[in-house]
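> Give me a 3D structure for the following:
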Amino acid sequence: MSKSLNLYGGVGVGLVALLTGAYNFADRNVAPMPAEAPRMAAEADSDFLLIASAQASNAAADARFGLGRPALPEEVAAWDLDVAPDGTGLPVGSGSVEDGEMLFSDNCAVCHGEFAEGVDNWPKLAGGEGTLADKDPLKTVGSYWPYLSTVWDYVHRSMPFGAAQTLSPDEVYAITAYILYSNYLVEDDFVLSNENFLEVEMTNTDGFIVDDREEAEKHFWTAEPCMENCKDSVEITMRAAVLDVTPEEEGAGEEAAAEPAADAGETEMAAAAPAEEPAAEEAPTAEATPAAASVDMALAEEGENVFKKCKACHQVGEGASNRTGPVLNGVIGAKLAHVEDFRYGDTIVEMGESGMVWDEANLTEFLTKPRDFIKGTKMSFAGLRKDEDIKAVIEYLKTFQ
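Here you go, the predicted model:
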């Protein structure tokens with residue numbers, strides 16, 4: 001018992017000593033809280049100055065929340081970059097297709113391709129003419145965009161990617177001109193400016209209508225809804241593609257059961273019928289295929305450099321495969337649309353079926369203006385400008401016969 005008392009007595013004395021020491025430390029080292037805490041002078045901090053200025057402006061404008069201030073005219077002007085379809089907002093300036101080609105190559109081609117044909121999943125800016133009614137339409141500047149002002153405004157405001165608003169107005173005019181040229185909307189000597197801007201005719205200008213559904217369809221959601229006995233009779237006019245969805249009518253089960261039998265019979269008949277042998281495509285004759293000895297190798301080397309403009313869509317040489325465009329191995333002397341596993345347009349297929357071949361004359365005409373030679377071609381390339389480049393490319397293609 002005496003040992004317990006000694007133990008509790010020692011702990012009590014130690015606790016009293018600890019509390020006494022803590023009190024003395026706090027009394028000497030912790031400063032008392034002043035009656036009024038000091039305040040930082042607004043003049044000493046720029047943030048306070050901005051807040052004070054904004055609050056002063058709000059007080060003058062009787063702002064609701066007491067935060068912020070009205071934007072100054074010069075601040076509004078810095079953000080007011082939009083260009084209207086009637087040309088309002090266009091700055092003075094101009095740019096040519098020729099200059100635009102170089103600017104597009106330097107600033108845009110990495111995503112949109114050298115000829116605005118698009119790279120990987122980046123948007124295509126050219127092509128797609130006549131596809132808007134298709135199941136999978138190609139919407140580009142040439143096929144879909146109704147106003148040229150949208151093109152100019154978007155390039156000026158948001159491009160190039162990662163360096164928006166670094167292009168001058170003249171550079172934007174030039175790039176816009178090249179995009180128009182890539183869509184066959186202007187010629188290669190065209191110069192776009194604020195003066196002739198509204199003279200450019202876009203393909204799909206009349207393809208949009210004013211959305212008046214709020215008024216035209218108002219009766220659909222303002223009329224009193226029918227909740228019962230809304231029709232005198234209900235008839236099934238079509239059947240769902242998914243089974244067991246459309247309610248069965250009387251006798252429909254027997255008719256549905258008979259249909260698979262008929263299909264099975266047709267399948268058996270089709271299997272029994274001998275398959276027709278596909279007609280073998282005639283190989284180019286020896287006269288149509290130029291001999292390797294007739295190739296001007298110096299000119300072909302120049303053509304290899306020019307062919308870099310074609311590599312975005314076409315491949316040649318060993319291991320070449322179809323890309324956006326077909327393989328060009330053996331194209332000299334071959335029929336148009338001769339690559340079997342490539343999906344051509346209807347026009348070029350018809351031209352090939354008629355017996356037309358890719359000789360130097362046809363290739364020259366095609367490479368000058370593809371869409372003039374093949375109406376409705378899917379090829380977005382606008383054509384080579386120089387005759388010597390066309391001759392060089394043809395000579396280069398001869399080396400892959």
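> confidence score at the spatially most central residue of the chain?
The centroid of the chain falls nearest to Pro123 when counting by Cα atoms, centre = their mean (2.4 Å). Per-residue confidence at Pro123 stands at 94 (pLDDT).
> Phe208 too?
Looking at Phe208, the pLDDT reads 90.
> I'd say it and Trp145 touch.
No: look at Phe208 against Trp145 with Cβ atoms under 8 Å: they stay out of range, at 10.1 Å. Any C-beta I mention is one placed from the backbone N, CA and C, and that applies to glycine too.
> quick one: contacts for the residue nearest to the centre of the chain?
Going by Cβ atoms under 8 Å, 6 or more residues apart in numbering, Pro123 touches 111-112, 140.
> I'd like to know which of these are part of helices.
111-112 (DSSP state H).
> wait, which of the contacts of Pro123 is closest to Ile390?
Nearest to Ile390 among those is His112, at 24.4 Å by Cβ to Cβ.
> Please name the residues that touch the closest one.
104, 118-119, 122-125.
> ok, which stretches of the protein are strands?
Applying DSSP state E to the chain gives strands spanning 94-96, 191-193.
> returning to that earlier point: who's more crowded, Phe208 and Trp145?
Trp145 (21 against 10; other Cβ atoms under 10 Å).
> That one contacts Val151, doesn't it?
Yes: the pair Trp145 and Val151 qualifies as a contact (Cβ under 8 Å) at a distance of 6.3 Å.
> Could you say which one of the strands of the chain comes nearest to Glu224?
With Cβ to Cβ as the measure, strand 191-193 is the member of the strands of the chain nearest Glu224 (55.9 Å).
> That closest one pairs with which strands, and in what direction?
Its sheet considered, strand 191-193 pairs with strand 94-96 (antiparallel) by DSSP bridges.
> Which pLDDT does the model give Thr371?
If you look again at residue 371, you'll see it is Arg, not Thr. Listed pLDDT for Arg371 reads 79.
> Give me the neighbour count for it.
Neighbours of Arg371 (other Cβ under 10 Å): 16.
> just Val210 next, same as before
6.
> Check the gap between the nearest residue to Asp372 once chain neighbours are set aside and Asp387 for me.
Excluding its sequence neighbours, the residue lying closest to Asp372 (Cβ to Cβ, 6 or more residues apart in numbering) is Glu365, at 7.7 Å. Distance of Glu365 to Asp387, given as Cβ to Cβ, to the nearest Å: 12 Å.
> And Asn204, by the same measure?
34 Å.
> ok, the two, which is more surrounded?
Neighbour totals were compared for Asn204 and Asp387, and Asn204 leads with 17 against 11 (other Cβ under 10 Å).
> Surely that one is in contact with Leu148?
No: Asn204 is beyond contact range of Leu148, at 11.3 Å (criterion: Cβ under 8 Å).
> follow-up on the earlier one: most neighbours among the contacts of His112, which one?
Going by other Cβ under 10 Å, Phe104 tops the contacts of His112 with 28 neighbours.
> show me the contacts for the nearest residue to that one once chain neighbours are set aside.
Closest residue in space to Phe104, ignoring its immediate chain neighbours: Tyr178 at 4.9 Å, by Cβ to Cβ, 6+ apart. Taking Cβ under 8 Å, 6+ apart, we find Tyr178 in contact with 97, 100-101, 103-104, 116.
> for stretch 165-174, how far is the first residue from the last?
In stretch 165-174, first residue to last residue: 15 Å (Cα to Cα, to the nearest Å).
> List the buried residues for it?
Buried residues in stretch 165-174, defined by neighbour count with 16 or more other Cβ atoms under 10 Å: 167, 169-174.
> just stretch 66-73 next, same as before
Across stretch 66-73, burial judged by 16+ other Cβ under 10 Å covers Arg69.
> can you list the weak-confidence ranges in the chain?
Across the chain, the ranges flagged by pLDDT under 70 are 1-14, 16, 22-64, 242-244, 249-293, 312, 378, 380.
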